[in-house]
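Enquirer: Got a predicted structure plus its sequence, pasted below:
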Amino acid sequence: SKILVLYGVLDPEEWKKYFQLLAEFQHRKGHCNVPMRYKENETNLGIWLRYQQESKQKGTLCATHKMQLNDIGVIWNNAR
């Protein structure tokens, strides 16, 4: 879909913005299990996270991003 393609070409600053939103979500909720349609500050954080999970499954998620997501507790087997 168009939305998911856009997440694949985010510049580093945009990726950092989404990651920071995820870190804030994790701090508030105590987990990173973001619902697919969940929005944070009008940003679709759930779809972004799902894209990261799918990228990891495909082997296209860069090691740095994978490590950062691991560090805040992303569960990788939730991708469907």
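Expert: Everything's here; your move.

Enquirer: Can you report how many residues neighbour residue 75?
Expert: 12 (other Cβ atoms under 10 Å). (Each C-beta comes from the backbone N, C-alpha and C, glycine too.)

Enquirer: Could you check the pLDDT of it?
Expert: The score at residue 75 is 90. That number is its pLDDT.

Enquirer: Also residue 34?
Expert: 95.

Enquirer: Hmm, it is touching residue 45, no?
Expert: Yes - with contact defined as Cβ atoms under 8 Å, residue 34 counts as touching residue 45 (5.4 Å).

Enquirer: tell me, what's touching these two both at once?
Expert: 22, 25 (Cβ atoms under 8 Å, 6 or more residues apart in numbering).

Enquirer: how about the helices in this protein?
Expert: 2-8, 12-29, 45-58, 63-71 (DSSP state H).

Enquirer: Nearest residue to the residue sitting nearest the centre point of the chain in space, please, no chain neighbours.
Expert: Closest to where the C-alpha atoms of the chain average out (Cα atoms, centre = their mean) is residue 49, at 2.6 Å. With sequence-adjacent residues excluded and distances taken as Cβ to Cβ, 6 or more residues apart in numbering, residue 49 is closest to residue 34, at 4.9 Å.
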